[in-house]
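Engineer: Quick one: sequence and predicted model below, then my questions.
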Amino acid sequence: MGEIILQVDNLSASYRKTTVLNNVNFKIRKGSLTGIIGPNGAGKSTLLKTILNLHPALTGSVRFFNQPFQQAKKRIGYVPQRGSVDWDFPTDALDVVTMGLYGKIGWLKRPNRKHKQLAYEALEKMGMADYANRQISQLSGGQQQRVFLARALVQDADFYFMDEPLAGVDAATERAIMNILKELKANGKTVMVVHHDLQTVEDYFDHVLLLNKTLLCHGRTEEIFTKENIAKTYGGNMRWMGENREYAVHSVE
């Protein structure tokens, strides 16, 4: 088993006095690819944001590589939900990816040719090299998601967090993203992904974290992703469609 590189203890968070995370505890080991699964409003995105110090915690502690987030943040990459990004910002795909290097370049310094080459290679890996000079507002949703993933890749982080990277993308983009995530895992990186499609969980993730405002269970997919645990996570919003693992999820915000 790999070393523990993320430890979350008694983590709680709220929005407008409403608790959205309650006493969450788990550990993540190096080299795992974990899907964060739960109904709408379960606190999945809030969990990522609170772990990454983007949303205040009410209680609890988070440690990366046995350090506070501020000391470990250069080793961490984050891909937010596509809907939270201002895609009308006037910049091209290459510049967006180059921004992923600013932690190494320094915000007051200009990227050099080597930095631009690294950014271009990350775009190439995502099949987006031909769009390097295209304004991001002119890209399709799937293309924008590939660019954002390239920005995370160019950081060469040890731990990646991704908030619904497969939402609203075409089948080819979904395959490309999952191939990259599995390659990251094969190279010893650690990845946590907020994911909504129950049909693909077993194919995509070796670990799952089932969340509905609190942690229901966490562990290896073949052990945790069961009919009983899924029903417990989704409650009355989930209907089991048979032993071939088809699900109908009816959840509301």
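Structural biologist: Now that the structure is in, tell me what you want to look at.
Engineer: Grab the most central residue of this protein for me.
Structural biologist: Met162 (1.4 Å; Cα atoms, centre = their mean).
Engineer: How about that one, nearest residue that isn't a chain neighbour?
Structural biologist: In this structure, Met162 finds its nearest non-sequential neighbour in Val79, 4.3 Å apart by Cβ to Cβ, 6 or more residues apart in numbering. (C-beta placed from N, C-alpha, C; glycine too.)
Engineer: count of neighbours near the one you found?
Structural biologist: Applying other Cβ atoms under 10 Å, we find 23 residues neighbouring Val79.
Engineer: One more: the one 10 residues further on?
Structural biologist: Taking other Cβ under 10 Å as the criterion, the count of residues near Phe89 is 11.
Engineer: contacting residues around the residue nearest to it when sequence neighbours are not counted?
Structural biologist: Nearest non-adjacent residue to Phe89, counting by Cβ to Cβ, 6+ apart: Ile136, 7.1 Å away. By Cβ atoms under 8 Å, 6 or more residues apart in numbering, the residues touching Ile136 are Trp87, Phe89, Thr91, Asp92, Ala93, Val96, Gln144, Val147.
Engineer: Out of those, flag the one nearest to Ala129.
Structural biologist: Comparing these against Ala129 with Cβ to Cβ places Ala93 closest, at 9.3 Å.
Engineer: I'd guess the residue nearest to the centre of the chain is in a strand, am I close?
Structural biologist: Yes. Under DSSP: H, G, I helix; E, B strand; the rest coil, Met162 sits within a strand.
Engineer: which residues does it bridge with?
Structural biologist: Met162 has the following beta-bridge partners by DSSP bridges: Val79, Val193.
Engineer: if I pick the residue nearest to Met192 when sequence neighbours are not counted, what's in contact with it?
Structural biologist: Nearest non-adjacent residue to Met192, counting by Cβ to Cβ, 6+ apart: Thr34, 4.8 Å away. Counting by Cβ under 8 Å, 6+ apart, Thr34 makes contact with Ile28, Val191, Met192, Val193, Phe205, Asp206, His207, Val208, Leu209.
Engineer: list the helices and strands the helix or strand that contains Asn229 packs on?
Structural biologist: Assigned by DSSP states H and E, Asn229 belongs to helix 227-234. Secondary-structure packing of helix 227-234 (3 or more Cβ pairs under 8 Å, 6 or more residues apart in numbering; DSSP states H and E): strand 207-212, strand 214-220, strand 238-240.
Engineer: Need the pLDDT of the residue nearest to Phe89.
Structural biologist: Ile136 is assigned 89 on the pLDDT scale.
Engineer: Next: Phe26.
Structural biologist: Per-residue pLDDT puts Phe26 at 97.
Engineer: Just grab the bridge partners of it for me.
Structural biologist: Counting by DSSP bridges, Phe26 is bridged to Val8.
Engineer: Dihedrals phi and psi, the spatially closest residue to Ile76 that is not a sequence neighbour?
Structural biologist: Residue nearest to Ile76 in three dimensions, not counting chain neighbours: Phe159, with 5.1 Å by Cβ to Cβ, 6+ apart. Phi and psi for Phe159, reported as degrees, to the nearest 10, are phi -140, psi 120.
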